[in-house]
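Visitor: heads up, no residue letters with this:
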């Protein structure tokens, strides 16, 4: 397995012959938009740092055979944009080129009160790599690699 971090929550995961992109959000579009040979795109939830529709359209333009994997909430947005997708949610799984993808979790962690509480599905890839999106969901399995989004704030004085 090879993992390349492209920014915030966007990663390229290469496992066996499969190339998987996670959460093509607005904070990493300058690195993700021109990628080629992407087989799957996993989208955990609808917040702009995890889903940037214009970037996703560019990715699909460059990778017309890519499959989008997401949940019902994101699926509604994709349907409105005429983007084909497949749902894998909590407790569901499917196999792609011999690599199992399992869904875990239902809700985004609290940001502040009710703000930001949307459907969030984490994905367990190939029984090794777990990416929960913005949730603290524990898949109840041994995890070889745990990936979490990271943001940096620069503090400076003039």
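Guide: Arrived safely. These numbers were taken from a predicted model, which means no experiment stands behind them. Numbers count the residues shown, from 1 in each chain.

Visitor: rest of the way, CA atoms for contacts and neighbours
Guide: OK.

Visitor: Not counting its neighbours along the chain, what's nearest residue 62?
Guide: residue 36 (6.1 Å; CA to CA, 6 or more residues apart in numbering).

Visitor: I'd say the one you found and residue 63 touch.
Guide: Yes - the pair residue 36 / residue 63 is scored as a contact, 6.0 Å apart, by CA atoms under 8 Å.

Visitor: What are the buried residues along the least confident helix or strand in the chain by mean pLDDT?
Guide: Using mean pLDDT, DSSP states H and E, the weakest-scoring helix or strand in the chain turns out to be helix 29-32, at a mean of 80. Across helix 29-32, burial judged by 16 or more other CA atoms under 10 Å covers 29, 32.

Visitor: packing partners for that helix?
Guide: With contacts defined as 3 or more CA pairs under 8 Å, 6 or more residues apart in numbering; DSSP states H and E, helix 29-32 has these neighbours: strand 2-7, helix 53-62.

Visitor: Who are the packing partners of the helix or strand just after that helix?
Guide: Downstream of helix 29-32, the first helix or strand assigned by DSSP states H and E is strand 40-42. In terms of contacts (3+ CA pairs under 8 Å, 6+ apart), strand 40-42 is packed against strand 18-22, strand 67-70.

Visitor: List the buried residues in the longest one.
Guide: If I follow you right, that is strand 18-22. By 16+ other CA under 10 Å, the buried positions in strand 18-22 come out as 18, 19, 20, 21, 22.

Visitor: Great, nothing more from me.
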